[in-house]
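**Student:** have a look; sequence and predicted model below, questions after that.
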Amino acid sequence: MSNANLQAASPPPPTPGTPPPAPTPVPGSTPVPGSTPNPEISPDRRYAAVRLLGNELRTTFFRRRNQLLLLVVALFPLLIGIGLKAAAPHGGGGGNGPGAGGAAFFSQLAGNGVFLTFIALSLLLILVLPVVVAVVSGDSIAGEAGYGTLRYLLAVPAGRTRLLLVKYAMIVAWSVTATFIVSVVALIVGVVLFPAGPVTLLSGTTVSLGVGLFRVLLVTLYVCAAMAAVGAIGLAISAFTEHAIGAIAALMMLIVASEVVDNIPQFATVAPYLPTHWWNSFDSLLRTPIDTTTMWHGLLSFAIYAILFLAIAWARFTSADVTS
Amino acid sequence: MTDPELAIATSGLTKRFRGGQLAVDQVDLAVPRGAVYGFLGPNGSGKTTTIRMLLGLAFPTSGSAEILGTTMSAGAISVLSRVGSLVEGPAFYPYLSGWDNLARYDAADRSVSARTAKARIGEALERVGLSAAARKKFRHYSLGMKQRLAIAAALLAPRDLIILDEPTNGLDPQGTREVRALIRQIAADGITVFVSSHLLAEVEQVSTHVGVMRTGKLVFQGELAELRRTASPRIAVRTADVAAAAEVFAKLGLADPETGEDLVTAELGDVRPEQITAELVHADVGVRSLNVESPSLEDLFVGLTGEGFDVER
């Protein structure tokens, strides 16, 4: 996993005002008759957070709605592959790529099926992947609040910070799954429909298929990092409402607004600070040497967005009354 | 001020909503261990807000709450693992089965072992009679089943205190009886039960203690018997000569006299009914009937909380 992903998944930095991690026993308050503390089950308790995360992942991935979402995500690379195959000129050579996208690697596809992963990722990054991440991240807290299950989870007590971290870990796992589904399906479809072999990069250099596949992995991880950052924004919005649909819609509006502003030349000065600006920068991974400056800028941007919005989510979630 | 004898102790517990409305006003609850505490009050009197503060869901504006001897604060919520609760009706994931719903709440509990989860969930479902419907999706549950599942969730782990907010809301009389039987059963195990209701009749039969809320204030707290004692019996005299009877009452110094068309009533106090009869005869008042009336608990409750329709805010 790339650096940024690890950063994105890490908890928000300790802020002043963080509740002390362990309550110090107050003399006189501990020996309460009739309240024998639960027997220490230390090995079990150590895995308590893992247990809640396991349940969270099961609940998320076994939910019919989410399974349908992943199925739809898997269909897109297939459709794109078939569409491009039908449009591709026979006898190789490239050149007849769809004009709308304008990405440099469209024309490469006819020569190598591996490029379908890059095409699929860059197309789905515009809307489909953000929607998939928005549905689950926007639903994460707001959905629990809407069902009323949030009050019961907190009364268990699940712990507000712990629940938030488990939710974010689930969102990251979800984003990674959705992104990898796109990559893997696109790779399979690409290899079946188009020739496979040594990969000619955008810079003109040809690398072996193995190196090419490694580049696919790096690109996929880069997109995972971008989506994990989107998930953090979704989690933060979700902590402010008990209407999941509202949180999902708000996040989508934000994404689309960012994409629109990013495309207006007059806003070029603010563009690098937009959450969506660096998403498509993964094409620098398809050149030799790799343009690492751009990559790091992108990863830094994702990490900052993730940490900032996790901090906002934490500040809100640990201080607000649960009224649902 | 930790009192080990109290399962719940609050001092000056106050909640002011952001709009400025005072939902809970200086409430000092004292719920003894082992008690079945009926927390009464009309809808909107601040019961649920109080419960939300007890469970750490809402933060008090001022004052503090102690649960099982531990002061509730953001850092010390682990005591809640010994508290089972039902707040404002059942809430579960409609797309999960009853079993999976309980498994989810169980997984969130740090104080219990994953290895014994199956036994715990099975036992809790058994206790509320839902074993047969364990694999059914929650959305297909009937209202009574949903309520029972919520009680099963409250009983999922060994508890010292159970907080039930309006546990019979929306249940048919049979379901209400079932819940009452469950409360008795829980209490018999030595668990403190804190049960809120807007219906006195509902908790009267199971409670040992009651607290009565009115517009955010705790207007009475004590044993149920104590509440009964506060009720002073009244003398009611039916007569054609209301004025003369009232005069006799005044002479005897009876408090709070009220006169109707052909009825005079007053608090009996220390005066014996025989004496009143004698005085009335002596004053030549034609008595049609003379009764000593003790107000029902219901009357007392209404007296404390106000009539149903006078919205006070």
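**Tutor:** Done, it's in. What you see is a predicted model, and the numbers here were worked out from it, not measured in a lab.
**Student:** count the neighbours of the closest residue to chain B within chain A for me.
**Tutor:** Proximity of chain A to chain B (Cβ to the nearest Cβ) peaks at A:G148, 2.9 Å away. For glycine as for every other residue, the C-beta is placed from the backbone atoms N, C-alpha and C. Residues near A:G148, counting by other Cβ atoms under 10 Å in any protein chain shown, number 17.
**Student:** ok, it touching B:Y93?
**Tutor:** No: under the criterion of Cβ atoms under 8 Å, A:G148 makes no contact with B:Y93, lying 10.1 Å away.
**Student:** what is the biggest helix by length in chain A packed up against?
**Tutor:** The longest helix of chain A (DSSP state H) is helix A:160-193. Contact analysis of helix A:160-193 by 3 or more Cβ pairs under 8 Å, 6 or more residues apart in numbering or on different chains; DSSP states H and E lists helix A:3-9, helix A:48-62, helix A:64-87, helix A:115-124, helix A:128-147, helix A:149-155, helix A:209-238, helix A:292-317 as its packing neighbours.
**Student:** and the angle from that helix to helix A:292-317?
**Tutor:** With axes from the mean of the first three to the mean of the last three Cα atoms, to 10 degrees defining the directions, helix A:160-193 sits at 140 degrees from helix A:292-317.
**Student:** which residue packs closest to the closest residue to chain A within the stretch 51-200 of chain B, ignoring adjacent ones?
**Tutor:** Proximity of the stretch 51-200 of chain B to chain A (Cβ to the nearest Cβ) peaks at B:A91, 2.9 Å away. Once flanking residues are discounted, B:A91 sits nearest to A:G148: 2.9 Å by Cβ to Cβ, 6 or more residues apart in numbering or on different chains.
**Student:** quick one: residues contacting the one you found.
**Tutor:** A:S324, B:E88, B:G89, B:A91 (Cβ atoms under 8 Å, 6 or more residues apart in numbering or on different chains).
**Student:** got a markdown table for the residues you listed, with pLDDT too?
**Tutor:** Formatted as a markdown table, those follow (pLDDT from 0 to 100):
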| residue | pLDDT |
| --- | --- |
| A:S324 | 80 |
| B:E88 | 88 |
| B:G89 | 89 |
| B:A91 | 95 |
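**Student:** close to chain B: what parts of the stretch 51-200 of chain A are there?
**Tutor:** A:51-52, A:54-55, A:59, A:63-65, A:147-149, A:151-160, A:163 (Cβ under 8 Å from any Cβ of the partner chain).
**Student:** mind redoing it with 7 Å?
**Tutor:** Listed as neighbours of chain B in the stretch 51-200 of chain A under the rule Cβ under 7 Å from any Cβ of the partner chain: A:51-52, A:55, A:59, A:63-64, A:147-149, A:151-159.
**Student:** now, of those, which are buried?
**Tutor:** For these, a neighbour count by 16 or more other Cβ atoms under 10 Å in any protein chain shown gives the buried set as A:51-52, A:55, A:59, A:63, A:147-149, A:151-159.
**Student:** circling back to that earlier point, which two of the contacts of A:G148 have the greatest separation?
**Tutor:** A:S324 and B:G89 (11.4 Å; Cβ to Cβ).
**Student:** pick out whichever of the two has more residues nearby.
**Tutor:** Between A:S324 and B:G89, counted using other Cβ under 10 Å, A:S324 has the larger neighbour count: 18 against 15.
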